[in-house]
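**Q** Sequence and predicted model, in that order:
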Amino acid sequence: MKIRTKKRYIIPAVLFGFLFIGVSFKDDFFEIAKQIEIFTNVYKTVNQNYVDETNPAELMDKSIKAMLADIDPYTNFFNEQDVIKFKINNTGEYTGIGAMITRKDDKIIIKEPYKGYPADKAGLKAGDEIIQIGDVLLSDFKDDASQLMKGSKNTKIDIKFLRQGKPMNAQIILDEVELKAVPFYSKIDEKTGYIVLSQFNKKASSETKEALEKLKSEGATQIVLDLRGNPGGLLNEAVNICNLFVPKGEIIVTTKSKNEKYNSTYKTTREPIDTEIPLVVIVDGKSASASEIVSGALQDLDRAVIVGSRSFGKGLVQRPFDLSYGTQVKVTISRYYTPSGRCIQALNYSKKDKNGKATRTEEKNYNAFKTKNGRTVYDGGGILPDVELEETKQSSISEALIKNDAIFNYVTNYYYKNPNLGDKIPTISDADLADFKAFIKKEKIDFDTESEVALKNMLEKAKKEKIDSEITLEYQALLNSLQKSEERLIDKNAKEIKNLLLDEIIKRYQYKEGLYQYYTKNNSEIKKAVALLNNPVEYNKILKK
């Protein structure tokens, strides 16, 4: 009787479970349909009745992007032009001018021309301000002006630009541009190979493999892999790069989601190149996503010593979904976890503070995990290096100076004041730093630190409330005090800022390749990595070998 009674209750319970899931799905479906109907009605009503002409495509583009921006920074809508850019980032190939550019006011600024590519061949330099492309004045063109410099190979584009305020002309002949994942590799000394991996496009693992094999053939018996500033890219390329150094069949990363179909385990699938060669990986606060998969997996497998500062902490996985009319939506579908089980993600976008910012786990709440050899590592977002270096961390004042182009603009002036520097490496003296500070004052470059932005926002609110006249003197006094403290911060971080100035100067004369070459002999993080590799006892002690 007991068994029969038990069966009698199991079936209704299971049916109730299915009923609950069905009702829940229907409720969600109804709510989605309801909100879509409301949005459609608002969109149609505004477009049909607004007093001025509206641009339906622009309204929709902005509304979708604003909606997704509140979820996380990585769930994005791509219109047709965005999709083209997205493909370029993944392949590293496109037809264009071959330069890093940025739009500012009514101009396109050349930030960095790539050596040997169309912009460089046309004589364009960092700091040049393009004001006209063909017949189009950029002051009248509010859309994405970079599209005006795209086209088929050998297309000729006439441009007008300003150089140090002087109007000039140039003709750019478009060509195929290949952005290398490994822009530089060389031997640092007789036995140490150095590889820079700057992005994870579809050629990342093949270029890293080629560099590794070439360095080994030249006698390298230890390797430094530099992932600083690498924002990530393709997941499978991260797995393949790990596979160069670890055996076939090793778990590199897992993804976990509320949707079971997105739960995956990624293992190495090929025979490695070298599982024994001593390896140091350098990371910093701008090493993200795939960079963190590589550094995290090699750390958890005790295959490399990680040097530098805590990485960015981008552990959210996105997948693009094709939509109608050549558009796409990239949706965050899961999270990354290292072989030991650590979650890479630093910020929790589902839990926000009173200011609407994503929260970060406090250090006291970090969880401990074990590497393959039993070392203790922690989560908390990003990859914490085995050897932390203060010089890898960027100060807030340096971030502000970079963000507001203070360093970039100063070096532009420096370049034209010193046209014959060539391959010489200058020394940035205290007098140069004083000149830099004077330049900031003269050009009235804002630091826009958090404190300064908050103060300026306060003044704007005071203006709206019409009480700004009553606090003008106090505001100006506070702003002056703040700016003096920012000057003191420059002095406090003088060494770091001098290095940033020197880096930018070297790039102007010797391109990025020259900067990497300079790093191999002078960069403190690389020196530390080499010193560690040259001390097998210390290296093995860190890895518990």
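**A** Yep, it's here.
**Q** Count the residues that sit near residue 117.
**A** Applying other C-beta atoms under 10 Å, we find 20 residues neighbouring residue 117. The C-beta positions use only the backbone N, C-alpha and C, and glycine is treated the same way.
**Q** Next, work out how far apart it and residue 412 are.
**A** 20 Å (C-beta to C-beta, to the nearest Å).
**Q** same deal with residue 230?
**A** 26 Å.
**Q** Who has more neighbours out of those two?
**A** With neighbours defined as other C-beta under 10 Å, residue 230 and residue 412 compare such that residue 230 has more, 27 against 21.
**Q** residues touching the more buried one, list them.
**A** By C-beta atoms under 8 Å, 6 or more residues apart in numbering, the contact set of residue 230 is 197, 198, 199, 200, 286, 287, 288, 290, 291.
**Q** And residue 28, by the same measure?
**A** With C-beta under 8 Å, 6+ apart, residue 28 has no contacts at all.
**Q** so how far is residue 187 from it?
**A** In terms of C-beta to C-beta, residue 28 sits 59 Å off from residue 187.
**Q** Residue 417 too?
**A** 35 Å.
**Q** So between these two, which is more surrounded?
**A** residue 187 (15 against 8).
**Q** which intervals of the stretch 51-200 of the chain have sub-threshold pLDDT?
**A** 84-95 (pLDDT under 70).
**Q** again, only this time at 90
**A** 51-54, 56-74, 76-96, 103-107, 139-152, 176-179 (pLDDT under 90).
**Q** what ranges do the helices span in it?
**A** Ranges of helices within the stretch 51-200 of the chain are 56-69, 80-91, 118-121, based on DSSP state H, counting those that start in this stretch.
**Q** Packing partners of the last one?
**A** Which is helix 118-121. Counting by 3 or more C-beta pairs under 8 Å, 6 or more residues apart in numbering; DSSP states H and E, the packing neighbours recorded for helix 118-121 are strand 107-113, strand 166-173.
**Q** Serialize these to a markdown table and add fields for mean neighbour count and distance to residue 340.
**A** What follows is the helices and strands packed on helix 118-121, written out as a markdown table (neighbours: other C-beta atoms under 10 Å; distance: least, C-beta to C-beta, whole Å):
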| stretch | mean neighbour count | distance to residue 340 |
| --- | --- | --- |
| strand 107-113 | 21 | 38 |
| strand 166-173 | 13 | 50 |
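**Q** The ones you listed: which one's closest to residue 520?
**A** strand 107-113 (20.1 Å; C-beta to C-beta).
**Q** ok now that closest one, how far from the chain's centre?
**A** Relative to the centre of its chain, strand 107-113 is centred 19 Å away, using C-alpha atoms, centre = their mean, to the nearest Å.
**Q** same check, this time on stretch 312-327
**A** Here stretch 312-327 is found 16 Å from its chain centre; the criterion is C-alpha atoms, centre = their mean.
**Q** do stretch 153-163 as well
**A** With C-alpha atoms, centre = their mean, you get 29 Å for stretch 153-163.
**Q** Would you mark the buried spots in it?
**A** Residues of stretch 153-163 classed as buried: 157, 159, 160, 161, 163 (neighbour count, 16 or more other C-beta atoms under 10 Å).
**Q** Equivalent analysis for stretch 117-135, please.
**A** Buried, per 16+ other C-beta under 10 Å, within stretch 117-135: 117-122, 124-133.
**Q** ok, back up a step: is it possible to export the helices and strands packed on helix 118-121 to JSON lines including distance to residue 281?
**A** Below are the helices and strands packed on helix 118-121 laid out as JSON lines (distance: least, C-beta to C-beta, whole Å):
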{"stretch": "strand 107-113", "distance to residue 281": "25"}
{"stretch": "strand 166-173", "distance to residue 281": "38"}
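**Q** Nearest approach to residue 314 belongs to which of the ones you listed?
**A** Per C-beta to C-beta, nearest to residue 314 of these: strand 107-113, 22.9 Å.
**Q** Show residues contacting the closest one.
**A** Contacts for strand 107-113 (C-beta under 8 Å, 6+ apart): 98-103, 119-120, 124-131, 133, 138, 145-146, 162, 408, 507, 512.
**Q** How about stretch 347-356?
**A** So stretch 347-356 is contacted by 71, 72, 313, 358, 359, 360, 361, 381 (C-beta under 8 Å, 6+ apart).
**Q** from those, which would you call buried?
**A** Buried subset of the contacts of stretch 347-356 (neighbour count, 16+ other C-beta under 10 Å): 72, 313, 361, 381.
**Q** from those residues, which two are the most distant?
**A** The largest separation in these, counting by C-beta to C-beta, is between 72 and 361 at 16.0 Å.
**Q** Which one, of the helices and strands packed on helix 118-121, ends up nearest to residue 483?
**A** In terms of C-beta to C-beta, the element of the helices and strands packed on helix 118-121 nearest to residue 483 is strand 107-113, at 25.2 Å.
**Q** and the closest one, which strands flank it?
**A** Take DSSP bridges as the rule and strand 107-113 pairs in its sheet with strand 99-104 (antiparallel), strand 129-133 (antiparallel).
**Q** CA atoms only: put that strand into PDB for me.
**A** The C-alpha trace of strand 107-113 is given here as PDB (Å, rounded to 0.1, in the frame of the first residue of the first chain):
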ATOM      1  CA  LYS A 107      38.000  66.600 -37.400                       C
ATOM      2  CA  ILE A 108      39.500  63.100 -37.600                       C
ATOM      3  CA  ILE A 109      42.700  62.900 -35.700                       C
ATOM      4  CA  ILE A 110      45.500  60.500 -36.800                       C
ATOM      5  CA  LYS A 111      46.500  58.800 -33.600                       C
ATOM      6  CA  GLU A 112      49.000  56.300 -35.000                       C
ATOM      7  CA  PRO A 113      49.900  55.600 -38.600                       C
END
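**Q** circling back to that earlier point, what is the most widely separated pair among the buried residues of stretch 153-163?
**A** The span of these, defined through C-beta to C-beta, is set by 157 and 163 at 17.6 Å.
**Q** which stretch of helix or strand covers residue 298?
**A** In the assignment (DSSP states H and E), residue 298 maps to helix 290-300.
**Q** Can you name every helix or strand that that helix contacts?
**A** Judged by 3+ C-beta pairs under 8 Å, 6+ apart, the packing partners of helix 290-300 are helix 235-243, strand 251-256, strand 279-283, strand 305-308.
**Q** winner for burial among those?
**A** strand 279-283 (a mean of 28; mean count of other C-beta atoms under 10 Å).
**Q** Could you pull up the mean pLDDT of stretch 299-309?
**A** What stretch 299-309 shows for mean pLDDT is 98.
**Q** residues in contact with the longest strand anywhere in the chain?
**A** Using DSSP state E, we find that the single longest strand of the chain is strand 328-337. For strand 328-337, the surrounding residues in contact (C-beta under 8 Å, 6+ apart) are 68, 71-72, 74-78, 82-83, 86, 253-257, 259, 262-264, 289, 292-293, 315-323, 343-345.
**Q** who's in contact with the most centrally placed residue in the chain?
**A** Closest residue to the average C-alpha location of the chain: residue 231 at 3.7 Å, with C-alpha atoms, centre = their mean. Residues in contact with residue 231 (C-beta under 8 Å, 6+ apart) are 199, 286, 288, 289, 291.
**Q** mind running it again at 10 Å?
**A** Going by C-beta atoms under 10 Å, 6 or more residues apart in numbering, residue 231 touches 89, 198, 199, 200, 286, 287, 288, 289, 290, 291, 312, 314.
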